[in-house]
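In: next input, structure requested:
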Amino acid sequence: MTDSASSPVVRCAWANPANPRYLAYHDEEWGQPCHDEVRLFEMLNLEGAQAGLSWETILNKRENYWRAFDGWNAKKIARYDESKVASLLADAGIVRNRLKVAAAITNAQAYLKLQAELGGLDAYLWAFVDGEPIQNQWTLLGGNPAKTPLSDRISKDLAKRGFKFVGSTIIYAYMQAIGMVNDHCVECYRHHAVQK
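Out: Numbering: from 1, shown residues only. Purely as a prediction, here's the structure:
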């Protein structure tokens, strides 16, 4: 992508220019404030699935996850039985890790409780930032943290509510992904667009 003067567009250093799926994720989703319940639930589970792997690995399998986990329908996932777990663990299109598959089921059950109590992830998460994304000013040289006191707080609360694979580092990556924080570096063309 180039601007009208044909100079290259600057993006965050992590956006792999060789992977169109990765570029589209950076340009269209990452850091964009999200209030869609299904996507919030999806991203929480995908960030957990990433633990120990690269985000690119998960992103490349995202469509397979959507299919395998019934479009991230929490009510269906909460009722998965051993037979469904066995079919998921045999599915080469996703990360076949028993703990991560079990976590998605547990997370669906915890999500349904949270939904009944607070209305859902949208109301719950955005209350931590008074409905407004945190606007950071990192540069291409770096500086953005792996976790923050806020991600620590959310992580502990989610764990207390029964969610799995919600450590502070995973939750900070989640906050970045769903736009609770704008961590596009200031040189990135998306920083100002997301800030608006």
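In: list the buried residues of the lengthiest helix in the chain.
Out: With DSSP state H setting the assignment, residue counts place helix 98-118 as the longest helix in the chain. Residues of helix 98-118 classed as buried under the neighbour-count rule (16 or more other CB atoms under 10 Å) are 100-111, 114-115. Every C-beta, even on glycine, is put in place using the N, C-alpha and C of the backbone.
In: over to stretch 73-93?
Out: Of the residues in stretch 73-93, those scored as buried under the neighbour-count criterion (16+ other CB under 10 Å) are 74, 77-78, 80, 84, 88, 91.
In: between those residues, which is closest to residue 153?
Out: residue 74 (23.4 Å; CB to CB).
In: what backbone torsions are found at the closest one?
Out: Phi and psi for residue 74, reported as degrees, to the nearest 10, are phi -60, psi -40.
In: now do the contacts for it.
Out: If you count contacts by CB atoms under 8 Å, 6 or more residues apart in numbering, residue 74 has them with 41, 108, 111-112, 115.
In: thinking again about what came up before, would you turn the buried residues of helix 98-118 into CSV with distance to residue 24 and pLDDT?
Out: Listed next are the buried residues of helix 98-118 as CSV, based on distance: CB to CB, whole Å; pLDDT from 0 to 100:
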residue, distance to residue 24, pLDDT
100, 24, 98
101, 27, 98
102, 31, 98
103, 27, 98
104, 24, 98
105, 29, 98
106, 30, 98
107, 26, 98
108, 27, 98
109, 32, 98
110, 30, 98
111, 27, 98
114, 30, 98
115, 29, 98
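In: can you pull out the helices in the chain?
Out: With DSSP H as the definition, the chain shows helices at residue ranges 20-28, 37-50, 55-60, 62-68, 74-77, 82-89, 98-118, 121-127, 149-160, 168-177, 189-195.
In: looking at those helices, which is closest to residue 8?
Out: Nearest to residue 8, of those and by CB to CB, is helix 189-195 at 10.0 Å.
In: which other residues reach the closest one?
Out: 3, 9-12, 26-27, 30-33, 133, 135, 179, 182, 184-185.
In: list the contacts for residue 147?
Out: Contacts of residue 147 were listed using CB under 8 Å, 6+ apart, and they are 155, 168-169, 171-172.
In: among those, which one has the most neighbours?
Out: Comparing the contacts of residue 147 by number of neighbours (other CB atoms under 10 Å), residue 171 comes first, having 29 neighbours.
In: nearest residue to the residue sitting nearest the centre point of the chain in space, please, no chain neighbours.
Out: Among the residues of the chain, the one closest to the centroid is residue 43, at 3.4 Å (CA atoms, centre = their mean). Sequence neighbours aside, residue 177 is the residue nearest to residue 43 in space, at 5.2 Å (criterion: CB to CB, 6 or more residues apart in numbering).
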